[in-house]
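sequence plus the predicted model coming up.
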Amino acid sequence: SFVSKLPPQVALDMLVSIATYSITEGVPLPQSVTPLLGLPDGYEYKEKSAAVGDVAAKSEAMKMIMESKVEEVVPVAFEQKEV
């Protein structure tokens, strides 16, 4: 196991963090690494509400995008300069 290759203090801190997370959050973490607790939720796309996160920042960003001019950006290859 990779934990056995870590310095003892790091391994202990990691195991305590894993145990604490598993106790407070349930089975998602151990379920993702072992088949003993059943299959984890899939990784399919699930639409999230637009109201999640910093709604004010999202609204400001959308406003700025809508107000900005559309400019065509033409990619230009970088030229190597001889030294």
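Received, thanks.

what does the helix or strand bottoming out on mean pLDDT in the chain contact?
Using mean pLDDT, DSSP states H and E, helix 28-33 stands out as the lowest-scoring helix or strand of the chain, at a mean of 80. With contact meaning CB atoms under 8 Å, 6 or more residues apart in numbering, helix 28-33 is reached by 18, 21, 22, 36, 37, 38, 39, 40, 41. Using the backbone N, CA and C atoms, a C-beta is placed for each residue, glycine as well.

how close does the nearest residue to the fourth one once chain neighbours are set aside get to residue 3?
The shortest distance from residue 36 to any residue other than its chain neighbours is 7.9 Å, reached at residue 30 (CB to CB, 6 or more residues apart in numbering). Distance, residue 30 to residue 3, using CB to CB, to the nearest Å: 14 Å.

settle it for me: which of the two has more neighbours?
residue 30 (15 against 11; other CB atoms under 10 Å).

in the lengthiest helix in the chain, what's buried?
In the chain, assigned by DSSP state H, the helix with the most residues is helix 8-25. Neighbour-count burial for helix 8-25, counted by 16 or more other CB atoms under 10 Å, picks out no residue.

packing partners for it?
Helix 8-25 is packed against helix 28-33, with contacts defined by 3 or more CB pairs under 8 Å, 6 or more residues apart in numbering; DSSP states H and E.

pull out the buried residues from the helix it packs on.
Using 16+ other CB under 10 Å as the burial criterion, the residues of helix 28-33 that qualify are 29, 31.

for the helix or strand just after it, the averaged confidence score.
Sequence-wise, the next helix or strand downstream of helix 28-33 (DSSP states H and E) is helix 55-67. Averaging pLDDT along helix 55-67 yields 89.

residue ranges with poor pLDDT in this protein?
Within the chain, the ranges that satisfy pLDDT under 70 run 1, 43, 50-51, 80-83.

CA atoms of the longest helix of the chain as CSV?
What follows is helix 8-25 as a C-alpha-only set of coordinates in CSV (Å, rounded to 0.1, in the frame of the first residue of the first chain):
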residue,chain,number,x,y,z
PRO,A,8,5.0,7.8,9.6
GLN,A,9,3.6,11.2,10.6
VAL,A,10,2.2,11.9,7.1
ALA,A,11,0.7,8.4,7.0
LEU,A,12,-1.0,8.9,10.4
ASP,A,13,-2.4,12.3,9.4
MET,A,14,-3.7,10.9,6.2
LEU,A,15,-5.4,7.9,7.9
VAL,A,16,-6.9,10.1,10.5
SER,A,17,-8.2,12.5,7.8
ILE,A,18,-9.7,9.6,5.8
ALA,A,19,-11.4,8.2,9.0
THR,A,20,-12.7,11.6,10.0
TYR,A,21,-14.1,12.2,6.5
SER,A,22,-15.6,8.8,6.3
ILE,A,23,-17.3,9.2,9.7
THR,A,24,-18.7,12.7,8.9
GLU,A,25,-19.5,12.2,5.2
